[in-house]
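>>> coordinates only, sequence not included:
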């Protein structure tokens with residue numbers, strides 16, 4: 001196997017690959033040689049209710065440009081019929097092969113209430129967040145896992161925020177991100193007899209498209225935002241998260257990590273990946289230096 005393309009011949013599904021961490025993961029899996037199905041609701045055929053400009057087709061094109069094969073498929077992962085059809089298509093086109101499943105569907109930014117406790121929040125909004133951020137992952141795994149089980153190999157990656165039991169600042173957001181970790185734990189237990197691994201992976205302070213817009217900067221001048229938020233100096237690109245996932249997918253010993261909640265700040269030390277500029281952001285180290293006294297430790301795993 002070519003060391004620069006360790007995932008050549010492998011097939012991946014990145015659910016929620018339109019933007020942010022999902023896009024970074026899809027592109028880096030492609031850079032490692034994989035065929036990547038990129039799914040989501042935002043397409044050149046029309047935007048989702050999030051009304052963002054990024055599309056699955058754009059991500060798929062970046063996968064191909066990076067050296068893989070990107071295939072865009074519009075799908076609502078909250079709709080079991082659409083997910084079943086998606087997996088049936090992958091099975092038909094790839095001779096039943098699926099090596100990597102990435103559950104990165106989120107769509108909850110506009111639904112998160114950071115100002116009010118549970119008893120003052122809109123219940124319908126909070127429950128809609130959970131359906132988008134948790135139910136979609138369950139639906140996707142339900143239909144995709146049989147392909148891995150049949151071949152007795154594969155890796156499931158649940159993308160989350162944080163790898164600890166620390167409260168995440170808003171009730172429904174906290175429940176969603178903590179539950180996604182539990183999804184990895186539960187899938188790991190059921191998949192272990194079949195040689196399929198399942199992990200949760202978190203980035204640090206992610207420099208997503210939305211976060212760059214929030215600070216009024218671009219990736220080219222992102223450091224200008226450090227004046228507004230000094231912690232942003234320790235942020236990381238979606239590609240950094242993508243390289244962490246690609247490293248896991250290429251690790252023949254990944255079963256040793258099944259059931260764990262992992263983070264970019266730990267994985268870079270093991271696998272040696274870097275940002276494009278050669279740096280290795282470590283948000284946990286920054287947290288320990290600056291924020292731990294106020295907010296508690298970042299690194300106590302669930």
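Right, received. Where do you want to start? The structure presented is a predicted model; accordingly, all values stated were derived computationally and were not measured.

>>> what's the local residue count around the residue lying closest to residue 82 once chain neighbours are set aside?
Distances taken as CB to CB, 6 or more residues apart in numbering put residue 75 closest to residue 82, at 4.7 Å, once the chain neighbours are dropped. In short, each C-beta sits where N, CA and C put it, glycine included. By other CB atoms under 10 Å, the residues close to residue 75 number 26.

>>> what about the stretch 101-250 of the chain, any weak spots by pLDDT?
For the stretch 101-250 of the chain, not a single residue meets the criterion pLDDT under 70.

>>> which stretches in it count as helices?
123-130, 136-151, 171-191, 209-215, 238-250 (DSSP state H, counting those that start in this stretch).

>>> export those to CSV and tack on distance to residue 95?
Below are those laid out as CSV (distance: least, CB to CB, whole Å):
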stretch, distance to residue 95
helix 123-130, 36
helix 136-151, 10
helix 171-191, 21
helix 209-215, 35
helix 238-250, 19
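
>>> residue 79: which of the ones you listed is closest?
Counting by CB to CB, residue 79 lies closest to helix 136-151 out of the helices of the stretch 101-250 of the chain; the figure is 7.8 Å.

>>> what's the closest one in contact with?
With CB atoms under 8 Å, 6 or more residues apart in numbering as the test, helix 136-151 has contacts from 13, 15-16, 77-80, 83-84, 86-87, 90-91, 96-99, 101, 103, 105, 154, 156, 158, 180, 183, 187, 191, 194, 196.

>>> residues touching the nearest residue to residue 160 once chain neighbours are set aside, list them.
Once flanking residues are discounted, residue 160 sits nearest to residue 180: 4.3 Å by CB to CB, 6+ apart. Contacts for residue 180 (CB under 8 Å, 6+ apart) come out as 103, 133, 134, 137, 158, 159, 160, 200.

>>> most neighbours, which of these?
residue 103 (31 neighbours).

>>> identify the bridge partners of that residue.
Note on residue 103: beta-bridge partners by DSSP bridges are residue 15, residue 158.

>>> contact partners for it?
15, 16, 136, 137, 140, 141, 156, 157, 158, 159, 180, 183.

>>> can you list the contacts of residue 180 in JSON lines and add distance to residue 24?
As requested, these are exported to JSON lines (distance: CB to CB, whole Å):
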{"residue": "103", "distance to residue 24": "15"}
{"residue": "133", "distance to residue 24": "18"}
{"residue": "134", "distance to residue 24": "21"}
{"residue": "137", "distance to residue 24": "18"}
{"residue": "158", "distance to residue 24": "16"}
{"residue": "159", "distance to residue 24": "10"}
{"residue": "160", "distance to residue 24": "15"}
{"residue": "200", "distance to residue 24": "16"}
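
>>> which of those lies closest to residue 49?
Ranked by distance to residue 49 (CB to CB), the contacts of residue 180 are led by residue 133 at 14.7 Å.

>>> what is the closest residue to residue 13 other than its chain neighbours paired to in the beta sheet?
Distances taken as CB to CB, 6+ apart place residue 37 nearest to residue 13, at 4.6 Å, with adjacent residues excluded. Judged by DSSP bridges, the bridge partners of residue 37 are residue 13, residue 71.

>>> how many neighbours does residue 37 have?
29.

>>> check contacts around it.
Residue 37 neighbours (CB under 8 Å, 6+ apart): 11, 12, 13, 14, 71, 73, 86, 90.

>>> run the last query once more with 6 Å
Residue 37 is in contact with 13, 71, 73, 90, counting by CB atoms under 6 Å, 6 or more residues apart in numbering.
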